[in-house]
Structures are given as structure tokens and as C-alpha cells.
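# Whatever this is, show me its structure:
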Amino acid sequence: MKQYITTGEFAKLWGIKKQTLFHYDDIGIFQPIIKQENGYRYYSYQQFEVFGVITALKELGMSLKEIKAYLDSRSPENLSQLFLQKIEDIDREIEYLKKIKHFMKEKIEITEQAITINKDAIECLHLEEEYLTLSPPLDYTSHHGFFNHLAEFMQERGLNYLSAIGCMIDEEHLNSSEYGHYSYLYSKSDKRKERAPLFLKPRGTYLMAYHQGDYELSYQTYDRIKAFAKANHLEFEGYAYEEFILDEVSVKGYENYLLKIQIKIKD
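Numbers count the residues shown, from 1 in each chain. Got it, this is the predicted structure:
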């Protein structure tokens, strides 16, 4: 009996409750190697790896019923097939976690910048080219049409709730002060990983300004940008790009939102 360990000892080694082992025994997924008439149960050290595999598969989302089905029909071939499938699942999960990490690091950087910027300033900056994934041209004939384009953009481009979405206004609507008439939605893309056609936001000189508060009043910031451009003999070229850098994730209430606006000017 010195070669075996009790239920309590086994549970302590794995950091679980004894009731877990009792349940596994009851459903036939993992049973002690010895059951005595007095009810005592004993496990062998050779069972460690089996329990470890059960624990790992459970952590990977397999139900106890699915794990039991595998154990009841286990074979070298079935093991290889199952583990190869789980490796693929793990790789997908790793990629997703990398996206979460990238989102969080990017959000930290943007938020820290937003805290320190001069929200009333209008800057003239040189920006490098940037690749964007665009939605279909937006349909304003109905709410249904606009929603369908948003849904198509989210689904077909593989974007999730972590992917920040910006808006583009073409030169015609910018000049006519129709700032709420967007041409496209966009999300920043990595050219090396994206297979779909991308839009190149060109390098060049951009006017950059910030609007804090209710978006319905963003026209005031656009008017300030236009006045600045006129005073400095600057002409717009291409699209205006909007991105929220402080939103519901970091602040409470629309009055605290911070919108970044970039408009390319002719060199």
C-alpha cells in the first residue's frame, strides 16, 4: 500500500477538492486503482499523466462527456488525432490572445497621449502611409442599408469588438460641411497579414485637431480646422479621418469623449 496514495493526498497534489475525484469516479471518467470494502480509495503514480490529460482537455473546453468518450475508445491513433486538433485550437487561441494584448498596449499608448495633449491645438504634422481595411461605400438611403454595411464590414473582415473603427469623409462632403455623411468605415490593417485589398492612407502633411464632448457639436471643431487652413493658405486633399481616442472604455459620458480628426493638405 505504500506504493499508492489516498484520495486526500491525490487531491492535495493537484490542488483540487476530494469531491472532484469522487465525481469523476461516479461518472466513470477517472477511477481509483484500488477500492477497499471500507470505502477507502487509492491512486497510483502511473495515473498522474492520465489525470493531467483530463485536466488539460477540460481547460481546453472539452466536456467531461467528450473526454470520457475519448478515454473509452483511446488508442495511439485517436490520441494523435485529438492532440493535433487541440494544438490547432491552442494556436488559434494564442493568436486571439495576442490580438487582445496588442489592443491593450495600443489602448494604453493612445489613452496616455490623450491625457497630455492640448485639446484646443491644431497641429500640422507629417504622417507616414498607413494601410486601412474599408467597409463598402456607406448607404444612407435607409437605416437597414447602413446597418447591413456595418455588419458586412465586421463579419467579412474578421473584425471583432477589439478592432477600433474609424470613419472617413470625402472631400466633397467635407467642403460642403456635411460632416456626418461618411464615405467609409475603416480599421487599421497589417499589410503583411491581410489578404483582402487594402486602402492606402497616403503619407504627407495632415492637419490634426481634437474634439471633446458631444459629437453633434463636432462641426465646431471642423469649422476651426477650416478657419486655420484658410488663414494659413492650406488646401484639403482627399479624406478626413475620424477616430475616438477616449470613448466609453476609458471615460463615462459623451461629454468626456475625445475625437481625433486628421485631414490631409496639399503639399
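
# Could you list the low-confidence segments of the protein?
For the chain, the stretches flagged by pLDDT under 70 are 1-2, 141, 156-163, 191-197.

# Helices of that one, residue ranges please.
7-14, 18-27, 48-59, 64-72, 76-116, 143-156, 171-175, 218-231 (DSSP state H).

# buried set for the first one?
Spelled out, that is helix 7-14. 7, 10-11 (16 or more other C-beta atoms under 10 Å). No exception for glycine: its C-beta is placed from N, CA and C like everyone else's.

# The second one too?
Neighbour counts using 16+ other C-beta under 10 Å place 21, 24 of helix 18-27 among the buried residues.

# packing partners for it?
When contacts are defined as 3 or more C-beta pairs under 8 Å, 6 or more residues apart in numbering; DSSP states H and E, helix 18-27 sits against helix 7-14, helix 64-72.

# Out of the ones you listed, which is closest to residue 207?
Within the helices and strands packed on helix 18-27, the stretch nearest residue 207 is helix 64-72; the backing value is 57.8 Å (C-beta to C-beta).

# Name the surrounding residues that touch the closest one.
24, 27-29, 50, 54, 57-58, 78, 82 (C-beta atoms under 8 Å, 6 or more residues apart in numbering).

# Mind giving me the PyMOL select for those residues, buried ones only?
A single PyMOL command selects the buried members of the contacts of helix 64-72 (16+ other C-beta under 10 Å):
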select buried, resi 24+29+54+57+82
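
# Surely residue 10 touches residue 21?
Yes - if you go by C-beta atoms under 8 Å, residue 10 and residue 21 touch, sitting 6.5 Å apart.

# sorry, back to before: would you reformat the buried residues of helix 7-14 as JSON lines and include distance to residue 199?
JSON lines is the format used below for the buried residues of helix 7-14 (distance: C-beta to C-beta, whole Å):
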{"residue": "7", "distance to residue 199": "62"}
{"residue": "10", "distance to residue 199": "59"}
{"residue": "11", "distance to residue 199": "58"}
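
# between these, which is nearest residue 185?
Residue 185 has its nearest neighbour among the buried residues of helix 7-14 in residue 11, at 53.0 Å by C-beta to C-beta.

# and residue 188, how many neighbours does it have?
15 (other C-beta atoms under 10 Å).

# Over to residue 171?
If we define neighbours as other C-beta under 10 Å, then residue 171 has 16 of them.

# Residue 183 too?
Around residue 183 there are 19 residues (other C-beta under 10 Å).

# mind listing what it touches?
So residue 183 contacts 137-138, 168-170, 173, 239 (C-beta under 8 Å, 6+ apart).

# Which of those residues fall within strands?
168-169, 239 (DSSP state E).

# out of those residues, who has the most neighbours?
residue 239 (24 neighbours).

# Please name the residues that touch it.
168-171, 174, 183, 201, 263-264.

# switch the cut-off to 10 Å
132, 167-171, 173-174, 182-184, 186, 199, 201-202, 262-264 (C-beta atoms under 10 Å, 6 or more residues apart in numbering).

# Quick one, which of these are buried?
Using 16+ other C-beta under 10 Å, the buried ones in the contacts of residue 239 are 132, 167-171, 173-174, 182-184, 186, 201, 262-264.

# Pick the one among these closest to residue 244.
Nearest member of these to residue 244, counting by C-beta to C-beta, is residue 167, at 9.6 Å.

# need the contact list for that closest one.
Contacts of residue 167 by C-beta under 10 Å, 6+ apart are 135, 138, 179-180, 182-186, 239-244, 259.

# Any idea what it is bridged to?
Note on residue 167: beta-bridge partners residue 185, residue 242, judged by DSSP bridges.

# That'll do, ta.
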